[in-house]
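J.: Build me a structure from this.
(chains A and B)
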Amino acid sequence: EAGVVQSPRYKIIEKKQPVAFWCNPISGHNTLYWYRQNLGQGPELLIRYENEEAVDDSQLPKDRFSAERLKGVDSTLKIQPAELGDSAVYLCASSGRGNEQYFGPGTRLTVT
Amino acid sequence: GEDVEQSLFLSVREGDSSVINCTYTDSSSTYLYWYKQEPGAGLQLLTYIFSNMDMKQDQRLTVLLNKKDKHLSLRIADTQTGDSAIYFCAGPILEYGNKLVFGAGTILRVKS
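T.: Numbering: from 1, shown residues only, chains lettered A, B, ... in the order given. The predicted structure follows:
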């Protein structure tokens, strides 16, 4: 069974540019999560989807971040415009009927 | 203090046992998790324990839960160089809508 797929794996952009990350969860997993992991820290939840509905986006900086999961499967996370402080690893995870979350490899974003 | 706290670093010799400790604040957490993160990779779910259990063993891994002290530990028997990674404990925090909150991670270094 394929795991959570994310792309790209690495992205380097200049500040003020837009960037987008893509995630394909494990087949059959209705719940999808986007996390941000700063260097030396654990992941922090940005947004959680149940199917196509965002049920927890309280930690998403809505002035510059947006996310969508239009058909309840794949999801994209966008930042526009990016700031230096957005440099981090962006992790996608999914879960099925159980509570266990399975993570993708992440996208390492560097903003210069 | 932080909702989930871990010691930052642990160094052991190959073949020895490793014990990674974690303390948490939310006594209502139903599950507590241990994740492993290797360099450049996402988080891999290692094991989890239900809050009504005191101990769970899975091959070389033993999880101990002390609910009274809100203390969780992960013991790795016969530690191998491949166990070198960052280990995160995580648990849902009721105050945050049962969002999974991660510790900052413990760096385990195994010396051969």
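
J.: which residues sit against stretch A:76-90?
T.: Contacts to stretch A:76-90, defined as CB atoms under 8 Å, 6 or more residues apart in numbering or on different chains, come from residues A:6, A:13, A:15-23, A:34-39, A:46-47, A:64-68, A:92, A:106-112. Heads up, the C-betas are built off the backbone N, CA and C, glycines and all.

J.: and the residue lying closest to residue B:76 once chain neighbours are set aside, how many neighbours?
T.: With CB to CB, 6 or more residues apart in numbering or on different chains as the criterion, residue B:76 has its nearest non-adjacent residue at 4.4 Å, and that residue is residue B:18. The tally of other residues near residue B:18 (other CB atoms under 10 Å in any protein chain shown) stands at 21.

J.: Isn't residue B:18 up against residue B:83?
T.: Yes. With contact defined as CB atoms under 8 Å, residue B:18 reaches residue B:83; the gap is 7.0 Å.

J.: Enumerate every residue touching the closest residue to chain B within chain A.
T.: Nearest residue of chain A to chain B: residue A:42, at 3.0 Å (CB to the nearest CB). Each residue near residue A:42 by CB under 8 Å, 6+ apart is listed here: B:4, B:88, B:90, B:101-105.

J.: State the phi and psi torsions of it.
T.: phi -80, psi 170 (degrees, to the nearest 10).

J.: give me the beta-bridge partners of the closest residue to it other than its chain neighbours?
T.: Spatially, and ignoring its direct neighbours in sequence, residue A:42 is nearest to residue B:102 (3.0 Å; CB to CB, 6+ apart). Bridge pairing for residue B:102 (DSSP bridges) gives the partners residue B:90.

J.: Can you tell me how far residue B:102 is from residue B:85?
T.: Using CB to CB, to the nearest Å, residue B:102 is found at 14 Å from residue B:85.

J.: Check residue B:106 too.
T.: Remark: distance between residue B:106 and residue B:85 (CB to CB) = 9 Å.

J.: right, and residue A:65 touches residue A:46 too?
T.: Yes. Residue A:65 lies in contact with residue A:46 (CB under 8 Å); the separation is 7.0 Å.

J.: Any buried residues in the host helix or strand of residue B:75, and which?
T.: Using DSSP states H and E, residue B:75 maps to strand B:71-76. Residues of strand B:71-76 classed as buried: B:72-76 (neighbour count, 16 or more other CB atoms under 10 Å in any protein chain shown).

J.: Get me the contact residues on chain B for chain A.
T.: Taking CB under 8 Å from any CB of the partner chain, the part of chain B that reaches chain A is made up of B:4, B:30-31, B:33, B:35, B:40-45, B:48, B:88, B:90, B:92, B:97, B:99-105.

J.: Out of those residues, list just those in strands.
T.: Secondary structure defined by DSSP state E assigns B:4, B:31, B:33, B:35, B:43-45, B:48, B:88, B:90, B:92, B:99-102 of the residues of chain B next to chain A to strands.

J.: Pull the most distant pair out of those.
T.: Spanning the widest gap among those are B:44 and B:99, at 20.4 Å by CB to CB.
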